[in-house]
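[1] A predicted structure for the sequence below; I have some questions about it.
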Amino acid sequence: MERIKQKPELPKNPLPIVVIGAGGIVTDAHLPAYEIAEFPVLGIYDLEVEKTQKAKGNYPFVQRIYNDFDELSKDLDTNDVVVDLAIPAGEIFGILERLPDGVTVLIQKPMGENLEEAQRILNICREKKLKSGVNFQLRYAPYCIAARQLINEGWLGDIYDYEIKVCVYTPWHLWDFLFDLPRVEILYHSIHYIDLIRSFAGNPVKIYASSVKHPKMKELSSTRSTIVMDFDDCVQARILTNHGHDFGGKHQESYFKIEGTKGAIKITIGVSLDYPKGIPPRFEYIINRDGKGWRKLTLTGGWFPHAFVGPMAGIQRFHSGEDKVLLHDTEDAFETMKWVEKAYKSSESGGVK
């Protein structure tokens with residue numbers, strides 16, 4: 001077996017990035033990832049100026065702060081840049097409408113608060129001829145890149161089972177805006193897993209879901225979900241999430257398991273355990289025919305921040321023509337949003353009474 005890859009292909013000549021939004025996801029993931037990849041950041045803008053000041057203070061490679069959107073727009077008009085749009089989902093289409101036609105933009109997930117908003121975002125991207133993608137970064141985590149190589153090279157045989165389990169305590173208070181929303185767990189968390197499984201297996205033929213509240217988190221919408229995705233008679237994926245396991249770390253779990261006819265992979269998604277501190281991720285795999293049993297792959301990084309390199313690298317390579325296809329473009333992201341919507345419909349109307 002050749003060396004197992006864990007990093008995405010980077011653009012040969014990275015374009016400068018203009019970041020719109022300076023919230024926690026930008027300072028904890030986007031900017032650290034761009035620093036790792038040595039992507040230049042031309043400037044950053046946010047309505048809350050103190051956030052941009054803090055971001056630039058922590059990441060001096062950010063060249064400037066924009067005081068208003070008009071100032072930012074001038075840089076978009078005069079420079080070949082990539083826009084990194086990292087704002088709340090309900091505000092995305094308002095900013096997209098203000099961007100110049102034909103610009104390249106990477107949009108933070110989710111692609112709107114619901115399917116109707118996702119359709120509106122997709123329409124704007126089409127009408128303005130934007131080179132646009134959505135930041136579904138979990139597909140680009142080092143362990144997912146490694147898993148994809150093992151699968152694509154046939155080491156695991158025919159894949160028939162995907163399982164993601166998250167039994168943790170998630171500090172939802174870190175995201176104040178979620179408390180006012182009608183949808184939380186699937187739209188803002190399990191959406192990553194639906195998209196990840198789609199990236200491996202394509203679209204399922206049907207989905208079942210149930211998403212419910214937690215008695216200690218009643219001020220939030222649902223925070224526990226069970227999702228089943230069926231692909232054919234033998235291929236199935238299951239996503240089980242419980243964000244209210246407040247009983248210490250002993251029995252918390254966070255993993256992604258893939259089983260095939262010739263081997264299997266189990267990935268510990270460490271960032272979800274003891275969040276936001278997290279623990280190191282772990283990658284284990286077994287190939288039946290070599291008789292070596294389960295073994296460990298030493299990882300070069302995890303979900304935060306390393307996975308965030310991939311979506312930006314991909315859209316830059318697509319912009320430059322190095323890649324002919326953008327795997328996480330808005331057309332594909334809209335497919336993920338369709339299955340998120342179907343999951344909610346299943347949760348609301350499914351079940352035998």
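    Thanks, I have the structure now. Since the model is a prediction, treat every value here as computed from it, not as a measurement.
[2] which intervals of the protein have sub-threshold pLDDT?
    Regions of the chain meeting the criterion pLDDT under 70 cover residues 1-2.
[3] which residues of it fall in helices?
    24-25, 31-37, 49-58, 69-78, 92-96, 115-127, 142-152, 185, 191-201, 309-320, 330-349 (DSSP state H).
[4] In a markdown table, list the ones you listed along with distance to F247 and mean neighbour count.
    Backbone N, C-alpha and C define where each C-beta goes, glycine included. Below are the helices of the chain laid out as a markdown table (distance: least, Cβ to Cβ, whole Å; neighbours: other Cβ atoms under 10 Å):
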| stretch | distance to F247 | mean neighbour count |
| --- | --- | --- |
| helix 24-25 | 26 | 16 |
| helix 31-37 | 31 | 20 |
| helix 49-58 | 34 | 15 |
| helix 69-78 | 47 | 14 |
| helix 92-96 | 37 | 19 |
| helix 115-127 | 36 | 18 |
| helix 142-152 | 27 | 20 |
| helix 185 | 19 | 27 |
| helix 191-201 | 23 | 22 |
| helix 309-320 | 34 | 24 |
| helix 330-349 | 26 | 19 |
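[5] export those to a markdown table and tack on distance to D161?
    What follows is the helices of the chain, written out as a markdown table (distance: least, Cβ to Cβ, whole Å):
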| stretch | distance to D161 |
| --- | --- |
| helix 24-25 | 31 |
| helix 31-37 | 31 |
| helix 49-58 | 42 |
| helix 69-78 | 46 |
| helix 92-96 | 35 |
| helix 115-127 | 28 |
| helix 142-152 | 12 |
| helix 185 | 23 |
| helix 191-201 | 10 |
| helix 309-320 | 25 |
| helix 330-349 | 18 |
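[6] nearest to E163, of those?
    Nearest to E163, of all the helices of the chain, is helix 191-201, at 9.8 Å by Cβ to Cβ.
[7] Show me what that closest one is packed against.
    Applying 3 or more Cβ pairs under 8 Å, 6 or more residues apart in numbering; DSSP states H and E, one finds that helix 191-201 makes contact with helix 142-152, strand 159-167, strand 224-230, strand 236-242, strand 253-260, helix 330-349.
[8] List the contacts of D232.
    D232 sits next to V205 when contact means Cβ atoms under 8 Å, 6 or more residues apart in numbering.
[9] if I look at it, how far off is A201?
    10 Å (Cβ to Cβ, to the nearest Å).
[10] residues contacting the nearest residue to K128 once chain neighbours are set aside?
    Counting by Cβ to Cβ, 6 or more residues apart in numbering, the nearest residue to K128 once its immediate chain neighbours are dropped is D101, at 4.7 Å. By Cβ under 8 Å, 6+ apart, D101 lies in contact with 128-130.
[11] coming back round to it: tell me which of the helices of the chain sits nearest to F179.
    Across the helices of the chain, closest to F179 is helix 185 (Cβ to Cβ), at 13.2 Å.
[12] could you list every residue that touches the residue nearest the centre of the chain?
    Against the mean C-alpha coordinate of the chain, by Cα atoms, centre = their mean, the closest residue is F136 at 3.0 Å. If you count contacts by Cβ under 8 Å, 6+ apart, F136 has them with 109, 192, 195-196, 199, 311, 328, 333, 336.
[13] coming back round to it: tell me the buried residues within the contacts of D101.
    128, 130 (16 or more other Cβ atoms under 10 Å).
[14] Show me which of the contacts of D101 is closest to V19.
    Nearest to V19 among those, with distances taken as Cβ to Cβ, is L130, at 16.7 Å.
[15] Could you measure from that closest one over to I25?
    21 Å.
[16] One more: S199?
    20 Å.
[17] Next: V81.
    As judged by Cβ to Cβ, V81 and I25 stand 20 Å apart.
[18] quick one on the thing from earlier: what's the closest non-adjacent residue to the residue nearest to the centre of the chain?
    Counting by Cβ to Cβ, 6+ apart, D195 is the residue found nearest to F136 once chain neighbours are left out, at 4.4 Å.
[19] which residues touch that neighbour?
    109, 136, 138-139, 333, 336.
[20] Let's see that with 7 Å instead.
    Counting by Cβ atoms under 7 Å, 6 or more residues apart in numbering, D195 touches 136, 139, 336.
[21] Any chance of a markdown table for those, columns distance to D180?
    Conversion of the contacts of D195 to a markdown table gives the following (distance: Cβ to Cβ, whole Å):
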| residue | distance to D180 |
| --- | --- |
| F136 | 24 |
| R139 | 29 |
| T336 | 23 |
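[22] now, among the residues you listed, which is nearest to L273?
    For these, the nearest to L273 is R139 (20.6 Å; Cβ to Cβ).
[23] Check the gap between the closest residue to that closest one other than its chain neighbours and A237 for me.
    Nearest residue to R139, sequence neighbours excluded (Cβ to Cβ, 6+ apart): S199, at 4.5 Å. From S199 across to A237, the span is 12 Å (Cβ to Cβ).
[24] from the chain's centre, how far out does stretch 216-234 sit?
    17 Å (Cα atoms, centre = their mean, to the nearest Å).
[25] er, stretch 346-353 actually
    The answer for stretch 346-353 is 28 Å, by Cα atoms, centre = their mean.
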